[in-house]
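**Student:** predicted model and sequence follow; I will ask about them next.
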Protein chains: 2
Amino acid sequence: MSDERRKFTRESAEQRKLDLIEATLELVAEKGVRGATVRGIADRAQVTQGLIRHYFSSKEDLITAAFEHHMTQMTDLTFAPVTQVQGSAREQLRVFVRSSLMPPVVDPRSIALWAGFLNKVQHDAQMKDVHAKTYVHFRDQLEGLIRAALEEADMPTEPEQLYRLATACNGLIDGLWMEGGALPEAFAPGELSQIGLYSVGAIIGLSLVD
Amino acid sequence: MSDERRKFTRESAEQRKLDLIEATLELVAEKGVRGATVRGIADRAQVTQGLIRHYFSSKEDLITAAFEHHMTQMTDLTFAPVTQVQGSAREQLRVFVRSSLMPPVVDPRSIALWAGFLNKVQHDAQMKDVHAKTYVHFRDQLEGLIRAALEEADMPTEPEQLYRLATACNGLIDGLWMEGGALPEAFAPGELSQIGLYSVGAIIGLSLVD
DNA sequence: GAGGCAATTATTCAAGTGTATAATTAGGTC
DNA sequence: GACCTAATTATACACTTGAATAATTGCCTC
């Protein structure tokens, strides 16, 4: 019959896994890890629940894969703007701070995912490792940008002091990121970036505002 | 018979509610809201599950009560040290920043609770309201301390600028608080407080380090 | 275009979930 | 010391959960 529909179409393993991971992230953001049920995920990805077990050995496995995918994505999103800047070290630092405090990095969904995964992160060794590595990477990149900007301005800094500056700026950015995502209506567009630039500049003693 | 044990003992409504709320908070911190089941909560509080319905109209109701209890407790914990200081405005600000970045305010459990409740906060109007009010209260108190310290130092500041300073310091404290709770082993005791004092001082232009 | 096999769906299962209702019993009152 | 009522336990129910297995079926190969 001409109106007979395929009951399903086959997809490549990569595509199907990606579909399942993205559906998982949506649901984790909405309801947390325990609220992201295999049936809910399958529905969201428009497949039946049995397929999940075909691609992932367990729900745990899928959750871990989704977490790693998300962390990689966030890292890429955060550092992409900087790699496209050819300007001075100060300009690179400015771009980094600004883009870290704007959409799409600042986003209620990101916060919801961070919160949704935290329990797992605190209990699962593998996820804890990924989380710590991502944090250290972010902090180290920031420290490198700060060091370059200070050297460029003829303000060489002791390693220990540099560590403190980077930790402080990292905390500031994370805190503003969190507040921007948790209370989106509390800040005007660009406000967080402005506050971030001013404050990072104040902390490191090198103004980042024009 | 002399060895016959009471099958249960009656408690006042306040005590039982508090027991249930504390058991709830423990489980939310450990497993999130959905992982805090009525049976698990009842076990933890050493009662049977039916009793929960006797004191709370639903699990939802208990969760909300636990959240409000926790937020009140955190607020008290945060502001108690300041109220016991009679020193200068600068000294009060120092105490506030320092104690906000030390145990028991900085604590993995607090972060876990924050994360565990976030989903509910984002979806439940009542909880969103409590959350926003707590945030605003914290920010306003901080702004007041900053204003007083700056006035005391003969550095009067425009309201708009003051708002920006308070938001930045608030973000900094929240970010360091989050990192201290999420990565406890990454910071030595007192390290976060030291970094916080230095950075808040840098942001507001009034050193808080001796 | 016929096989064949892996991708996908369909069904089943035991355990856990919140809620509702019935059955006990502790502990104050007279 | 016998009520007697509210606190507490005990039991039941309908539904959801992750996982396991069986049954289909799309699509590539020859």
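**Tutor:** Thanks, I have it.

**Student:** burial of the residue in chain A that DNA strand C sits nearest to, as a residue count?
**Tutor:** For chain A, the residue closest to DNA strand C is residue A:50, as judged by CB to the nearest atom of the strand, at 2.7 Å. C-betas here are computed from N, CA, C, even on glycine. Per other CB atoms under 10 Å in any protein chain shown, the neighbour tally for residue A:50 reads 9.

**Student:** my read is that residue A:190 contacts residue A:102, right?
**Tutor:** Yes: contact criterion CB atoms under 8 Å: residue A:190 and residue A:102 qualify, at 7.4 Å.

**Student:** in terms of neighbours, single out the busier of these two.
**Tutor:** For residue A:190 and residue A:102, the more surrounded residue by other CB under 10 Å is residue A:102, and the numbers stand at 18 against 11.

**Student:** how many neighbours does residue A:80 have?
**Tutor:** Neighbour count of residue A:80, defined by other CB under 10 Å: 10.

**Student:** that one sits in which helix or strand?
**Tutor:** Assigned by DSSP states H and E, residue A:80 belongs to helix A:59-83.

**Student:** so does that helix get close to DNA strand D?
**Tutor:** Yes: contact of helix A:59-83 with DNA strand D (CB under 7 Å from any atom of the strand) involves A:59, A:60.

**Student:** contacting residues for the residue in chain A that chain B sits nearest to?
**Tutor:** Minimum separation of chain A from chain B (CB to the nearest CB) falls at residue A:175, amounting to 2.7 Å. Neighbouring residues of residue A:175 by CB atoms under 8 Å, 6 or more residues apart in numbering or on different chains: B:170, B:171, B:172, B:173, B:174, B:175, B:176, B:177, B:178.

**Student:** list the residues that contact the residue nearest the centre of chain A.
**Tutor:** Nearest to the geometric centre of chain A sits residue A:74, at 3.0 Å (CA atoms, centre = their mean). With contact set as CB under 8 Å, 6+ apart, residue A:74 has these partners: A:105, A:110, A:134.

**Student:** where's it relative to residue B:152, distance?
**Tutor:** 42 Å (CB to CB, to the nearest Å).

**Student:** related to what we said a few turns ago, now, among the contacts of residue A:74, which is nearest to DNA strand D?
**Tutor:** The closest of these to DNA strand D turns out to be residue A:110 (CB to the nearest atom of the strand; 22.5 Å).

**Student:** for the closest one, pull up the helix or strand it's in.
**Tutor:** Going by DSSP H and E, residue A:110 is part of helix A:108-123.

**Student:** quick one: name whatever helix or strand follows that helix.
**Tutor:** As assigned by DSSP H and E, the chain's next helix or strand after helix A:108-123 is helix A:125-152.

**Student:** next structured bit after that following helix?
**Tutor:** Next in sequence after helix A:125-152, counting helices and strands by DSSP H and E, comes helix A:159-182.

**Student:** and the next helix or strand past that next one?
**Tutor:** Going down the chain from helix A:159-182, the next helix or strand is helix A:191-204, by DSSP H and E.

**Student:** could you tell me how far that next one lies from the centre of the chain?
**Tutor:** Its chain's C-alpha centre and that of helix A:191-204 lie 20 Å apart, by CA atoms, centre = their mean, to the nearest Å.
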